[in-house]
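Q: sequence and computational prediction follow.
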Amino acid sequence: MKNFFRIAFLAVLLFGFQFNSNAAEKVEYLKTDWSFKGPFGKFDRAALQRGYQVYQEVCSSCHSMKYLSYRNLVQEGGPEFSVDQAKAIAASFEVKDGPNADGEMFMRPGRLSDKFVMPYDNEKAAQAANGGAYPPDMTVLAKARGGGVDYIYSLLQGYEDPPVGVTLDDGVYYNKYMYGNKIKMSNQLSDGLVEYSDGTNATVEQMAKDVSTFLMWTAEPHLETRHKMGFKAIVYLIILTILVYFSMKKIWSRIETEV
Amino acid sequence: MSEHEYTPKSKFGKWFNDRLPLLTLANHLTDYPTPKNLNYWWTFGGILTFCLITQIVTGLVLAMHYIAHADMAFASVEHIMRDVNYGWLIRYIHANGASMFFLAVYIHIFRSLFYGSYKSPREIIWIIGIIIYLLMMAAAFLGYVLPWGQMSFWGATVITNLFSAIPLVGEGIVTWLWGGYSVDNPTLTRFFTLHYLIPFLILGLVVLHIWALHVPGNNNPVGIDIKKPSKDTVPFHPYIVIKDGFALLMFMIVFAFFVFYTPNILGHADNYIEANPLVTPAHIVPEWYLLPFYAILRSVPDKLLGVIAMLSAILILAALPWLDTSKIRSAVFRPMYKQFYWILVADVLILGYVGAMPAEGLYLLIARIATAYYFIHFLVILPILGFRERTIPVPLSITESVLGGSPNLAVAKKKDNFQSQ
């Protein structure tokens, strides 16, 4: 038993180091109560739908979402728009298709099976339009940054005037959560920027939270299934472990040794 | 090994077994006499077998959906995560499975270090184990490259560049490894091929590892030779099978926790950014299980010497059966060795910690001291300790050590040859 605690202590140290190594380079992020955290966490359906709206109206003019299809908006565990709603969303975009029988490319309204339409034709075009900075694809962004959703949530609210002594070039902004504090994206959110169809008051904080929730879903579309399955799997394993433990005790009782 | 001759009961069984003695093998495996005092640290052999099979099975499924192409690899992984049925589950098991595999192998290795399992007559088991460990590191590194994220790309660049430290031919070797003048599509396709190959090499070596184990039989916490079969042993089935099974289930609970609730915590966020040869990440860090060796590599100012130090740190383990001069196996009866053992454990953890930190200032100093100590432990302390240490009397049998305080132990205490080695 003594050994067990010793090992447990070392394990904690080891994993502590892991977290520490990430912590060394980050500031304290803004905290909020995410509905999807914890073993029973689920996405807030309304927040996902609002988050999609923020993405669509604000972010999508620069940030692509290339691994997502319009059909994903319908799927279980996501924003769960109705099929008709999602079809209408898809149809509101023009998609390049072809070649047709005449060998011509043509534009047609989007379908559920289409990938999200990209704001720029290619990376160079995106850079040219954004002062040399490439707006990152947002599909897995929530997993591609050290602080995850907390980082995105904070960054959207982290714009400040630069401290004395810090000079910024044209098209560069000061953000206290950005790595190195200099960011080429200007402050995007302001109170009342979008008009939520469900009547929620569109404060900066609310929009930041909704769009971060949406980005968590785009990064982990199966999060809810994972949480549910994990609970079942672990409960099953624990019960089986207990049964096997007593079987083991019974079998070893034939020998005078303790297990 | 049980010495009695096994004959199948059925006529067909006998006919078959005379031509291919599979039933004799099965009988040997179930009857295999195992020391009855094995503690839970001995269950990690079975756990590691489970890890290997899990990696192979999940890896096969992933390979059916993965595309080894620089332009498509990242997207194909996202395809697995989104559109393949339970693809996210398979991939998270595989990715976290690598970490669990290393967690188990480190416990297994340090178990061996504590109880002197590497000593005569088990040197070959130990050396095969070291080769398996080397192949595991290769497989893990190659596998980490496949998702073609930023850490994949830059990790591959850093590690393959180590070969450029070799005088004269180094640069040529690196170009040959890459299949070009930088890490690119040819690198990815060959890494995928090798990543697919290595687990089967490991599987073959595991068979040899177990075969070599079954010749002398298991070491045990007391570290003494035992008669087999005797009252000191139990048949592998059902006693060890159920105990290994119980430990495996406990291990699977921890495994499941990582897979279902924190699947990305052991990975690096940068690996969800697609590889970009034009953007170097702020810190290039290997996976946690390679950090101690990474720290050793960086603690030496010269590139070539750093690579040599890193390789020596692993290869020195193969010489361990001859570096440790003590005749007593188990640290239980070696009070001084026990202290040094825990210092070594702490030393390796410290190396792991500084391996994750930038190689500068205090971290670099700590890394250098810890690296020096690592080698001193194996090259100086262990050889001397065997001659100097006053060991505690070893019991004559396992039964005696389990029951404790038997008259035999008192007799043993009087025997001079047990007083000091």
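A: Cool, the structure landed.
Q: next up, the contacts around residue 161.
A: Chain wasn't specified; assuming chain A. residue A:174 (Cβ atoms under 8 Å, 6 or more residues apart in numbering or on different chains). Yep, even glycine has a C-beta here, placed from its N, CA and C like the rest.
Q: please refer instead to chain B.
A: By Cβ under 8 Å, 6+ apart, residue B:161 lies in contact with residue B:174.
Q: so it, which of the three states?
A: Secondary structure state of residue B:161, per DSSP: H, G, I helix; E, B strand; the rest coil, is helix.
Q: now name the helix or strand holding residue B:47.
A: helix B:44-65 (DSSP states H and E).
Q: list the buried residues in that helix.
A: Residues B:44-52, B:54-55, B:58-59, B:61-62 are the ones in helix B:44-65 that count as buried (16 or more other Cβ atoms under 10 Å in any protein chain shown).
Q: neighbouring contacts of that helix?
A: With contacts defined as Cβ under 8 Å, 6+ apart, helix B:44-65 is touched by B:76, B:79-80, B:84, B:87, B:90-91, B:93-94, B:97-98, B:100-101, B:104-105, B:107-108, B:111, B:196, B:199-200, B:202-203, B:206, B:244-245, B:247-248, B:251.
Q: beyond it, next helix or strand please.
A: Once helix B:44-65 ends, the next helix or strand along the chain (criterion: DSSP H and E) is helix B:73-82.
Q: list the contacts of residue B:69.
A: Going by Cβ under 8 Å, 6+ apart, residue B:69 touches B:185, B:188, B:189.
Q: following the helix or strand hosting the last one, which helix or strand comes up?
A: Yep, that's residue B:189 we're talking about. Using DSSP H and E, residue B:189 sits within helix B:185-214. Sequence order places strand B:233-235 as the next helix or strand after helix B:185-214, per DSSP H and E.
Q: how about that next one against chain A, any contact?
A: Yes - using Cβ under 8 Å from any Cβ of the partner chain, strand B:233-235 reaches chain A at residue B:234.
Q: which outside residues touch whichever helix or strand comes after that strand?
A: Following strand B:233-235 in sequence order, the next helix or strand is helix B:241-261 (DSSP H and E). By Cβ under 8 Å, 6+ apart, the residues outside helix B:241-261 that reach it are A:39, A:226-227, A:229-231, A:233-234, A:237-238, A:240-241, A:244-245, A:247-248, A:251-252, A:259, B:38, B:40, B:43-47, B:50, B:89, B:92-93, B:96-97, B:99-100, B:104, B:265-266.
Q: just those residues: which are in helices?
A: A:226-227, A:229-231, A:233-234, A:237-238, A:240-241, A:244-245, A:247-248, A:251-252, B:44-47, B:50, B:89, B:92-93, B:96-97, B:99-100, B:104 (DSSP state H).
Q: just the buried members of these?
A: A:226-227, A:229-230, A:233-234, A:237, A:241, A:244, A:248, A:251-252, B:44-47, B:50, B:89, B:92-93, B:96-97, B:99-100, B:104.
Q: what residue ranges in the chain score low on pLDDT?
A: All of this refers to chain A. Within chain A, the stretches with pLDDT under 70 are A:1-26, A:256-259.
Q: you answered for a different chain; I wanted chain B.
A: Scanning chain B for pLDDT under 70 picks out B:1-4, B:401-421.
Q: one more time with 80
A: B:1-5, B:399-421 (pLDDT under 80).
Q: ok and the residue in it nearest chain A?
A: Nearest residue of chain B to chain A, counting by Cβ to the nearest Cβ: residue B:260, 2.5 Å away.
Q: what about that residue, how many neighbours?
A: Neighbour count for residue B:260, taken as other Cβ atoms under 10 Å in any protein chain shown: 23.
Q: for residue B:37, same thing?
A: 19.
Q: likewise for the one 4 residues further on?
A: Using other Cβ under 10 Å, residue B:41 has 18 other residues around it.
Q: just residue B:130 next, same as before
A: Counted with other Cβ under 10 Å, residues neighbouring residue B:130 total 18.
Q: list the residues that contact residue B:267.
A: Residues counted as contacts of residue B:267 (Cβ under 8 Å, 6+ apart) are B:95, B:287.
Q: which among the contacts of helix B:44-65 end up buried?
A: Buried by 16+ other Cβ under 10 Å: B:76, B:79-80, B:84, B:87, B:90-91, B:93-94, B:97-98, B:100-101, B:104-105, B:107-108, B:111, B:196, B:199, B:202, B:206, B:244-245, B:247-248, B:251, out of the contacts of helix B:44-65.
Q: contacting residues for whichever residue of chain A sits closest to chain B?
A: Of all residues in chain A, residue A:230 sits closest to chain B, at 2.5 Å by Cβ to the nearest Cβ. Residues in contact with residue A:230 (Cβ under 8 Å, 6+ apart) are A:39, B:256, B:257, B:259, B:260, B:261.
Q: angle of the helix holding residue B:189 against helix B:44-65?
A: 150 degrees (axes from the mean of the first three to the mean of the last three Cα atoms, to 10 degrees).
Q: for helix B:185-214, name the packing helices and strands.
A: Contacts defined by 3 or more Cβ pairs under 8 Å, 6 or more residues apart in numbering or on different chains; DSSP states H and E place helix B:185-214 against helix B:44-65, helix B:123-145, helix B:150-161, helix B:170-178.
Q: in it, what's buried?
A: So, applying 16+ other Cβ under 10 Å, buried residues of helix B:185-214: B:185, B:187-188, B:191-192, B:195-196, B:198-199, B:202, B:206, B:209, B:212-213.
Q: next: stretch A:190-200.
A: Using 16+ other Cβ under 10 Å as the test for burial, stretch A:190-200 gives A:194, A:196.
Q: can you give me the strands in chain A?
A: Per DSSP state E, chain A carries strands over the ranges A:94-97, A:106-109, A:173-174, A:182-183.
Q: who's in contact with the closest residue to residue A:156 other than its chain neighbours?
A: Once flanking residues are discounted, residue A:156 sits nearest to residue A:208: 4.1 Å by Cβ to Cβ, 6 or more residues apart in numbering or on different chains. The contact partners of residue A:208, taken as Cβ under 8 Å, 6+ apart, are A:152, A:153, A:156, A:157, A:189.
Q: of the residues you listed, which is the nearest to residue B:127?
A: Using Cβ to Cβ, residue A:152 comes nearest to residue B:127 of the contacts of residue A:208, at 50.0 Å.
Q: from memory the closest one sits against residue A:140, does it?
A: No - using Cβ atoms under 8 Å, residue A:152 makes no contact with residue A:140, being 11.9 Å away.
Q: tell me where chain A has helices.
A: Under DSSP H, chain A gives helices at A:2-23, A:45-57, A:83-91, A:123-129, A:149-156, A:204-219, A:223-252.
Q: for the shortest one, list the C-alpha coordinates in PDB.
A: When you say that, I think you mean helix A:123-129. Provided in PDB are the C-alpha atoms of helix A:123-129 (Å, rounded to 0.1, in the frame of the first residue of the first chain):
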ATOM      1  CA  GLU A 123      -4.600  30.600 -48.900                       C
ATOM      2  CA  LYS A 124      -2.800  33.200 -50.900                       C
ATOM      3  CA  ALA A 125      -6.100  35.000 -51.600                       C
ATOM      4  CA  ALA A 126      -6.900  34.900 -47.900                       C
ATOM      5  CA  GLN A 127      -3.600  36.400 -47.000                       C
ATOM      6  CA  ALA A 128      -3.800  39.100 -49.700                       C
ATOM      7  CA  ALA A 129      -7.200  40.200 -48.300                       C
END
